[in-house]
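Asks: Sequence first, predicted model second:
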Amino acid sequence: MNERDSEAVAAMLTRRGYVLADSEDEADVILLNTCSVRDLAEQKARGKMAMLARRKRRQPQLVLGYMGCMAQSRGAGLVEEQPAVDLVVGTQRFHHIPDYLDQLFRERAAAAEQYDRQLRAIVDVAEEVGSESAVREHLVVEHGDRKVTAFVSIMQGCDMHCTFCIVPFTRGAERSRPIREIVEEVRELVARGVKEVTLLGQIVTSFGRKTMPKKDGKSPFVQLLEAVHEVPGLERIRFTSPHPKGFGDDLVEAYRRLPKLCPHAHLPVQSGSDRILRRMKRGYSRAWYCRVVEKLRAARPGIAISTDIIVGFPGETDEDFEETVSLMEQVDFDQAFIFKYSPRRDTPAAAWPDDVSQGEKERRNQVLLQYLNRRMAAKNAALIGGVIEVLVEGRSDKGPRRMFGRSPTNKIVVVEGAEGLVGHIVPIRVERATATTLYGYVMGEGGDEFLG
Ligand code: 5AD
């Protein structure tokens, strides 16, 4: 999400006449797009800004700013804490950044003439009606490469209020873009060579539910998937992040019916214990969740299932944690992101004792990570010798004449070959695998041409 928001801001600034710097050291303006979902993310952003503030002492004209969730939740407090900060822009006001930068530069020019003037920072964390449609501009090329995949923001905010989660406070209430506007953006991207889109939102499965009716039993999100599926030339559709509760039979059936929809579902489960799920206010039980996984696997054999898990939620006992371990064994996830619980301001859980010790959170984290790594390594090893369809996205950092792409199930694949491969879906023979990456070469006829 932040990558996409940053890209949109970069595209807006480029259109305004700013030029993307090749490196941070050359930049005159540095904006940190921040995440608040865990405390670690905030600490990292603060640390980075402190480093930049030191550089600013040597280079006073440097413009520094915070954007994103931490900007939204902390606002002017960030400037008080770090006076080197010139700009703080919240999650609904990104598109005003070009104007704010122009304003900062104008004020500086004026201040240079009457140098006693105190320059004030600009802080804007207002809400804005219609801001869900503001993240729409894309960079045509990124890192010197043509873009094969793109993120498309379809909705913002979340109304779920899980007890651990800060997102409803930093991203606001659910707001969705109209279907035709999204389809138009996808068409434009495809015309520029994009082959795969990832539909983005804090809770994409809630897309349109406040404003658009169901049609033939299909939720607005499934209607959107169908509309995007119609775009000629588009090869693959992904989406993130959904809520498990959004996986009704209409969405399960969409996996059966829509071949462009990639065989991968990210289903953040958070815990395997019903007691903890209730305290988290997730709105489903373990059994219900497992039933959804079964239905997806029946609808699309071979579908990859990934998840998010929080360890050390307030009140999580050894027994609760063992339930999570057993859920991991039961579902056998293809990928999982495991987080140590951290209390977030304004959330209900922050008022409860954070009673699992740091050491115990770390232990639980390691238990799950080790299990996951073993399973991922075994699953990838089983693919050696087989052939998978890879959409090649660009040059790999794993060596010259190596490209990288992704399998339909979202595995990273490193491919021997030249840049001619970029933008093509090619059959790849898997030669070698680690827990996180597959390595292979282009199969059969046509392969030589790409290798050449
Ligand atoms: N502490 C730890 N992890 C969290 N997440 C969300 N809030 C917290 C928190 N307070 C995790 C969830 C979510 C992912 C994006 O981040 O697992 O799915």
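Replies: Received, thanks.

Asks: Pro98: neighbouring residues, count only.
Replies: Look at Pro98: counted by other CB atoms under 10 Å, it has 17 neighbours. Every C-beta, even on glycine, is put in place using the N, C-alpha and C of the backbone.

Asks: Who are the contact partners of it?
Replies: Pro98 is in contact with 12-13, 15-16, 18, counting by CB atoms under 8 Å, 6 or more residues apart in numbering.

Asks: ranking those residues by neighbours, who comes first?
Replies: Busiest of the contacts of Pro98 [other CB under 10 Å] is Met12, holding 20 neighbours.

Asks: Can you name the residues that contact it?
Replies: Taking CB under 8 Å, 6+ apart as the test, what Met12 contacts is 95, 97-98, 137.

Asks: returning to what we had before: among the contacts of Pro98, which one lies nearest to the ligand?
Replies: Met12 (26.3 Å; CB to the nearest ligand atom).

Asks: Which secondary structure element is home to that closest one?
Replies: helix 2-15 (DSSP states H and E).

Asks: would you put the C-alpha positions of that helix in PDB?
Replies: Taking Å, rounded to 0.1, in the frame of the first residue of the first chain, the C-alpha atoms of helix 2-15 are listed here in PDB:
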ATOM      1  CA  ASN A   2       2.700   2.400   0.900                       C
ATOM      2  CA  GLU A   3       4.700   1.500  -2.200                       C
ATOM      3  CA  ARG A   4       1.700   2.400  -4.300                       C
ATOM      4  CA  ASP A   5       1.000   5.700  -2.400                       C
ATOM      5  CA  SER A   6       4.700   6.600  -2.800                       C
ATOM      6  CA  GLU A   7       4.600   5.900  -6.500                       C
ATOM      7  CA  ALA A   8       1.500   8.000  -7.000                       C
ATOM      8  CA  VAL A   9       3.200  10.900  -5.100                       C
ATOM      9  CA  ALA A  10       6.300  10.500  -7.200                       C
ATOM     10  CA  ALA A  11       4.300  10.500 -10.400                       C
ATOM     11  CA  MET A  12       2.500  13.700  -9.300                       C
ATOM     12  CA  LEU A  13       5.700  15.400  -8.500                       C
ATOM     13  CA  THR A  14       7.300  14.300 -11.700                       C
ATOM     14  CA  ARG A  15       4.400  15.900 -13.600                       C
END
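
Asks: In it, which residues are buried?
Replies: For helix 2-15, the neighbour count (16 or more other CB atoms under 10 Å) marks 4-13 as buried.

Asks: Make JSON lines from the contacts of Pro98 and add pLDDT and distance to the ligand to it.
Replies: Listed next are those as JSON lines, based on pLDDT from 0 to 100; distance: CB to the nearest ligand atom, whole Å:
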{"residue": "Met12", "pLDDT": "97", "distance to the ligand": "26"}
{"residue": "Leu13", "pLDDT": "97", "distance to the ligand": "28"}
{"residue": "Arg15", "pLDDT": "95", "distance to the ligand": "31"}
{"residue": "Arg16", "pLDDT": "96", "distance to the ligand": "32"}
{"residue": "Tyr18", "pLDDT": "96", "distance to the ligand": "31"}
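
Asks: between the contacts of Met12, which has the most around it?
Replies: Ile97 (23 neighbours).

Asks: pretty sure it belongs to a helix, no?
Replies: Yes: per DSSP: H, G, I helix; E, B strand; the rest coil, Ile97 lies within a helix segment.

Asks: Tell me who's in contact with it.
Replies: Ile97 touches 9, 12-13, 31, 65, 67, 87, 89, counting by CB under 8 Å, 6+ apart.

Asks: any idea how far it lies from the ligand?
Replies: 25 Å (CB to the nearest ligand atom, to the nearest Å).

Asks: for stretch 357-366, which positions count as buried?
Replies: Quick answer for stretch 357-366 (16+ other CB under 10 Å): 360-361, 364-365.

Asks: Contacts for it next, please.
Replies: Here stretch 357-366 makes contact (CB under 8 Å, 6+ apart) with 311-312, 321, 324, 338, 340-341, 356.

Asks: Which members of the contacts of Met12 define the maximum pairwise distance?
Replies: Farthest apart among these by CB to CB are Ile97 and Glu137. That separation is 11.8 Å.

Asks: Can you tell me the element the closest residue to Ala11 other than its chain neighbours falls in?
Replies: With sequence-adjacent residues excluded and distances taken as CB to CB, 6 or more residues apart in numbering, Ala11 is closest to Glu137, at 3.8 Å. Using DSSP H and E, Glu137 sits in no helix or strand.

Asks: wait, what's in contact with Ala304?
Replies: Neighbours of Ala304 in contact, by CB under 8 Å, 6+ apart: 263-265, 334-335, 409-411.

Asks: can you do 10 Å?
Replies: Contacts for Ala304 were tallied using CB atoms under 10 Å, 6 or more residues apart in numbering; they are 262-266, 296, 333-335, 379, 407-411.

Asks: and this protein, which residues reach the ligand?
Replies: The chain comes close to the ligand at residues 37-38, 164-165, 268, 270, 308, 310, 339, 341-342, 344, as judged by CB under 6 Å from any ligand atom.

Asks: chain center to the biggest helix by length in the chain, what's the gap?
Replies: Ranked by residue count, the top helix of the chain under DSSP state H comes out as helix 358-381. Relative to its chain's centre, helix 358-381 lies at 22 Å (CA atoms, centre = their mean, to the nearest Å).

Asks: partners of the following helix or strand past it in the sheet?
Replies: Per DSSP H and E, the first helix or strand lying C-terminal to helix 358-381 is strand 387-395. Paired with strand 387-395 in the same sheet, following DSSP bridges, are strand 402-406 (antiparallel), strand 425-433 (antiparallel).
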